[in-house]
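In: next one to model:
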Amino acid sequence: MLVKTYGSAVFGVEATTITVEVNIDKGIGYHLVGLPDNAVRESSYRISAALANNNFKLPGKKIIINMAPADIRKEGAAYDLTIAIGILAASNQINSPAIEEYIIMGELSLDGSLQPIKGALPIAIKAREEGFKYFILPKENAKEAAIVNDLEVLGVSNILEVINHFNETEKITPTIVDTRAEFYKNLEFPEFDFADVKGQESIKRCMEIAAAGGHNIILIGPPGAGKTMLAKRLPSILPPMTLHEALETTKIHSVVGKVTNTGLMYQRPFRSPHHTISDVALVGGGQYPQPGEISLAHNGVLFLDELPEFKRSVLEVMRQPLEDREVTISRARFTVNYPSSFMLVASMNPSPSGYFNDENSPVTSSPAEMQRYLSKISGPLLDRIDIHIEVTPVPFDKLSDERKGENSTEIRERVTQAREIQSARFKNHENTHYNAQMSVKQIRNYCKLSTESKNLLKNAMEQLNLSARAYDRILKVSRTIADLDASENIRPNHIAEAIQYRSLDREGWLS
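Out: Got it, this is the predicted structure:
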């Protein structure tokens, strides 16, 4: 007897439906075809033990299982349940009149219990698109899949529950999640708050500008100045994620199995990889491509602490994703795309010793050592960082001050208002949503300067020896400062403030 059950394979952040055809005929033998990997081939042992431990059996006949389409490689143990239910249906051990309406996925343990799978959300989205009515999967993944409307998600703990469901002796209770209600209820702030930061008012202002315009930022200062503390609080002032952004972000984390039992992700991700990370781990890839840290930071913040300590090859592979806001990984048989629209926040010491021209510091570095240290970061990478700011240590009187600073909620309100202005400005531009994404043509269009502002910028570039690449960055940042002031035009004071945020472009910064 021939029976078809349905599973799914995930490539990139999209799913492809897999048809598992089970044919039981006279003879003996177990044949699994359709380009399965070792984990799928080993499923026969897990399925046999799981059925035996639940008083069912693997038929002693010739079993042929084909996983179509046959030219797509099937990976992982998540097809165990799909194959097992197909075998039971083909051998008439369960009733299966409407089995074609189900997507079934799950990894079996030898006692028949189910282990969680990866990519439940993309699979559920694809199942709804293709008209499936039900999705059976492990209970740990049920909330994640139930985000998708118009699909009945049936979370189970054991294969026996699935068998009883098909035999109609005990129906599985669907998992129901009101996605919108859950999303808006859980828009809480992260545990880190700018009210905890003592002093550093100018740096807080800088972080507010970066958040408002989506600008990449680098913090330069000695150890203990508060660079990491400030970076960790940046997500708390970014605008709340939209439902669309939350779904996008959750899909990526679902693919790597990092979604918790809460289902939808409500907070913007904050990723902080160690400086020993490889280029593949950062941008994604591998023999069977997986998202890297920059994709896991999609719609959030990627924090690179001690930037010069990262291998140069690792930093260079970020150049294209920073520009295109997506990563393309190509293999001989297929190509996958991972979104990677993130804010880059980097921090670094100004020298190997960590101290910059400080007579009282325990260790100092020569100008040549400092130049060599800074040269580890390439010009093209710095070109993609809009804001450079020096962070100085906080004096004792401010550290010991008991008064609380401005909290993240207040700053976030101003940032959100500025982002709304930008959304209205770029509503007719498909790939531009905030100022940091502006092209050269858009800069010329939306960053027009008065004669006074032009003269100020000209004098600054000449006197401070600012590089040519600083010009467009200053215009972008000044546009964001004007938006925070709710000003339609860029005024001289906006230009003046933006000029301060290009420290590394000044010739003689090390002198």
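
In: distance check, M229 against M207.
Out: 11 Å (Cβ to Cβ, to the nearest Å). Bear in mind the C-beta positions are built from the backbone N, C-alpha and C, glycine included.

In: what about those two, which has more around it?
Out: Applying other Cβ atoms under 10 Å to M229 and M207 shows that M207 carries more neighbours, namely 26 against 16.

In: surely the more buried one is in contact with K232?
Out: No: using Cβ atoms under 8 Å as the test, M207 is too far from K232 to be in contact (10.9 Å).

In: neighbours around V255, how many?
Out: Other residues close to V255 by other Cβ under 10 Å number 26.

In: doesn't A120 make contact with it?
Out: No: between V255 and A120 there is no contact under Cβ under 8 Å: 9.6 Å.

In: the stretch 351-500 of the chain: strands as residue ranges?
Out: 387-390 (DSSP state E, counting those that start in this stretch).

In: got any ranges where it has weak pLDDT?
Out: Scanning the stretch 351-500 of the chain for pLDDT under 70 picks out 353-365, 396-397, 399-402, 468-469.

In: give me the residue at the spatial middle of this structure.
Out: Taking Cα atoms, centre = their mean, the centroid of the chain lies closest to L296, which sits 2.6 Å from it.

In: residue contacts, that residue?
Out: 252-253, 256, 258, 269, 271 (Cβ atoms under 8 Å, 6 or more residues apart in numbering).

In: and it, how far from F56?
Out: For L296 relative to F56 (Cβ to Cβ), the value is 40 Å.

In: please apply the same query to S48.
Out: In terms of Cβ to Cβ, S48 sits 10 Å off from F56.

In: with neighbour numbers in mind, choose between those two.
Out: Between S48 and F56, counted using other Cβ under 10 Å, F56 has the larger neighbour count: 21 against 17.

In: list the buried residues in the longest strand seen in the chain.
Out: If you go by DSSP state E, the chain has its longest strand at strand 14-25. For strand 14-25, burial by neighbour count (16 or more other Cβ atoms under 10 Å) applies to 14-15, 17-24.

In: likewise stretch 213-227?
Out: For stretch 213-227, by 16+ other Cβ under 10 Å, it's 213-222, 225-227.

In: let's see the pLDDT reported for the residue nearest to the centre of the chain.
Out: The score at L296 is 94. That number is its pLDDT.

In: over to L51?
Out: pLDDT, L51: 96.

In: doesn't it fall inside a helix?
Out: Yes: residue state for L51 (DSSP: H, G, I helix; E, B strand; the rest coil) corresponds to a helix.

In: so it makes contact with L58?
Out: Yes: with contacts counted by Cβ under 8 Å, L51 reaches L58, the gap being 5.9 Å.

In: neighbour count: these two, which is higher?
Out: L51 (21 against 18).

In: overlap in contacts, L51 and L58.
Out: With Cβ under 8 Å, 6+ apart as the test, L51 and L58 both reach I87.

In: for stretch 230-249, measure first residue to last.
Out: By Cα to Cα, to the nearest Å, the extent of stretch 230-249 from end to end equals 23 Å.

In: buried ones in that stretch?
Out: For stretch 230-249, by 16+ other Cβ under 10 Å, it's 230-241, 245-249.

In: keep only those of those residues that are in helices.
Out: 230-232, 245-249 (DSSP state H).

In: which pair of those spans the longest distance?
Out: Within these, L230 and L247 form the most distant pair, 29.6 Å apart (Cβ to Cβ).

In: can you get me a residue count around the residue lying closest to L151 once chain neighbours are set aside?
Out: Nearest residue to L151 in three dimensions, chain neighbours excluded: R128, at 4.5 Å (Cβ to Cβ, 6 or more residues apart in numbering). Neighbour count for R128, taken as other Cβ under 10 Å: 16.

In: go on, E293?
Out: That count, for E293 with other Cβ under 10 Å as the rule, works out to 20.

In: contacts only, for it.
Out: 271, 273, 277, 281-283, 302.

In: contact partners for the residue lying closest to K311 once chain neighbours are set aside?
Out: Sequence neighbours aside, D279 is the residue nearest to K311 in space, at 7.6 Å (criterion: Cβ to Cβ, 6+ apart). Counting by Cβ under 8 Å, 6+ apart, D279 touches 311, 313-314, 317.

In: at 6 Å what do you get?
Out: Contacts of D279 were listed using Cβ atoms under 6 Å, 6 or more residues apart in numbering, and they are 313-314, 317.

In: out of those, the closest to A89 would be?
Out: Among the contacts of D279, and counting by Cβ to Cβ, the member closest to A89 is V317, at 47.5 Å.

In: distance from the longest helix seen in the chain to the middle of the chain?
Out: Secondary structure of the chain per DSSP H: the longest helix is helix 408-425. Chain-centre distance of helix 408-425: 22 Å, with Cα atoms, centre = their mean, to the nearest Å.

In: residues near A297, how many?
Out: For A297, using other Cβ under 10 Å, the count is 26.

In: what segments of the stretch 251-400 of the chain are helices?
Out: For the stretch 251-400 of the chain, the helices defined by DSSP state H, counting those that start in this stretch cover 279-283, 293-296, 312-316, 319-324, 367-374, 379-383, 396-399.

In: make JSON lines out of these and add distance to K198.
Out: Converted to JSON lines, these look like this (distance: least, Cβ to Cβ, whole Å):
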{"stretch": "helix 279-283", "distance to K198": "33"}
{"stretch": "helix 293-296", "distance to K198": "30"}
{"stretch": "helix 312-316", "distance to K198": "32"}
{"stretch": "helix 319-324", "distance to K198": "32"}
{"stretch": "helix 367-374", "distance to K198": "28"}
{"stretch": "helix 379-383", "distance to K198": "30"}
{"stretch": "helix 396-399", "distance to K198": "5"}
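
In: out of these, flag the one nearest P174.
Out: helix 293-296 (30.1 Å).

In: please save the CA atoms from the closest one in PDB.
Out: Extracted in PDB, the C-alpha atoms of helix 293-296 (Å, rounded to 0.1, in the frame of the first residue of the first chain):
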ATOM      1  CA  GLU A 293      25.900  36.500  14.000                       C
ATOM      2  CA  ILE A 294      25.100  39.400  11.700                       C
ATOM      3  CA  SER A 295      21.900  37.700  10.600                       C
ATOM      4  CA  LEU A 296      21.000  36.800  14.200                       C
END
